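# Task: produce atomic coordinates for the following.
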Amino acid sequence: MRLLKLTALSALGYGLYRLFSGAERPHARVAFAGGEATGADVQVRNAGPSAIRTTTPEWSKVDQAVDESFPASDPAAY
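Predicted coordinates:
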């Protein structure tokens, strides 16, 4: 019985933590910067380093060309 109570309290504590911690919601897309994702069924983001959530130390012409060509079947010519 103690184990059941401990499990219930742990689940309640975790739920409250997730509610009040401001943690990212699971539906947020990792590839999108804030404000980039839309409510459409098919998600397409803009190209470039400002459109992704993570920061990159440097963004070269090759990175830009590859990002702009995705999901094309042919890679960039660089």
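
# Do a quick rundown of the helices in the protein.
2-20, 61-69 (DSSP state H).

# Could I have the CA atoms of the first one written out in CSV?
Coordinates of each C-alpha in helix 2-20 appear next as CSV, following Å, rounded to 0.1, in the frame of the first residue of the first chain:
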residue,chain,number,x,y,z
ARG,A,2,2.9,2.4,0.8
LEU,A,3,4.4,1.7,-2.7
LEU,A,4,1.1,2.7,-4.3
LYS,A,5,0.9,5.9,-2.3
LEU,A,6,4.5,6.8,-3.2
THR,A,7,3.9,6.1,-6.8
ALA,A,8,0.7,8.3,-6.9
LEU,A,9,2.5,11.1,-5.1
SER,A,10,5.5,10.9,-7.4
ALA,A,11,3.2,11.1,-10.5
LEU,A,12,1.4,14.1,-9.0
GLY,A,13,4.6,15.8,-8.2
TYR,A,14,5.9,15.2,-11.7
GLY,A,15,2.7,16.5,-13.2
LEU,A,16,2.9,19.7,-11.1
TYR,A,17,6.5,20.1,-12.0
ARG,A,18,5.7,19.9,-15.8
LEU,A,19,2.8,22.3,-15.4
PHE,A,20,4.6,25.0,-13.5
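
# just how off-centre is it within its chain?
Distance of helix 2-20 from the chain centroid (C-alpha atoms, centre = their mean, to the nearest Å) equals 26 Å.

# between the helices of the chain, which has the poorest average model confidence?
Confidence, taken as mean pLDDT, is least for helix 61-69 of these (a mean of 81).
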